[in-house]
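Participant: here's a sequence, model it:
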Amino acid sequence: MSADSSHNPFGSQEPFRPHFSLGMIFLLLVVNAGICILLLLATRVPMISDVVNDFWGLPKSSRGETDRTTHLVFLMACYAAPLAMTAAVSLAYSLAAKWMRSQSEMDSDEDITDSPFA
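Facilitator: Sure, this is the predicted structure:
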């Protein structure tokens, strides 16, 4: 037994460090931006803003005729957001794969021309 394991009943343990790739961070930023946009759009819907105002004890905003356009835009954005995020991530992934493929082809071409047997 080592000196460290005698003090720790569970033995020596490596510290856990989560591994986040740049793509994962980008994906999290896109998802959070989408959620923020939907929340901002939700505050424009009269029914939702009235509920939030009731929750905080604020007076309801006075409106003449209710306009359903903002409500329909909010619903369409909620339904289209997963498709738009999937399309954006898929496009970014395919562009990155194409760029990496072209870089590897350029590297392999340089190896062949630098070879004394070429």
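Participant: where along this structure do the helices fall?
Facilitator: For the chain, the helices defined by DSSP state H cover 3-7, 22-42, 46-56, 69-114.
Participant: and the last one, what does it pack onto?
Facilitator: I take that to be helix 69-114. helix 22-42, helix 46-56 (3 or more CB pairs under 8 Å, 6 or more residues apart in numbering; DSSP states H and E). In this view, the C-beta of every residue, glycine as well, is placed from N, C-alpha and C.
Participant: in JSON lines: the helices of the chain, plus distance to residue 15 and mean pLDDT.
Facilitator: JSON lines is the format used below for the helices of the chain (distance: least, CB to CB, whole Å; pLDDT from 0 to 100):
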{"stretch": "helix 3-7", "distance to residue 15": "13", "mean pLDDT": "56"}
{"stretch": "helix 22-42", "distance to residue 15": "20", "mean pLDDT": "82"}
{"stretch": "helix 46-56", "distance to residue 15": "42", "mean pLDDT": "84"}
{"stretch": "helix 69-114", "distance to residue 15": "31", "mean pLDDT": "79"}
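Participant: any chance of these in JSON lines, with distance to residue 16 and mean neighbour count too?
Facilitator: Shown next, in JSON lines, are the helices of the chain (distance: least, CB to CB, whole Å; neighbours: other CB atoms under 10 Å):
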{"stretch": "helix 3-7", "distance to residue 16": "17", "mean neighbour count": "9"}
{"stretch": "helix 22-42", "distance to residue 16": "17", "mean neighbour count": "12"}
{"stretch": "helix 46-56", "distance to residue 16": "39", "mean neighbour count": "12"}
{"stretch": "helix 69-114", "distance to residue 16": "27", "mean neighbour count": "11"}
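Participant: cool, thanks, signing off.
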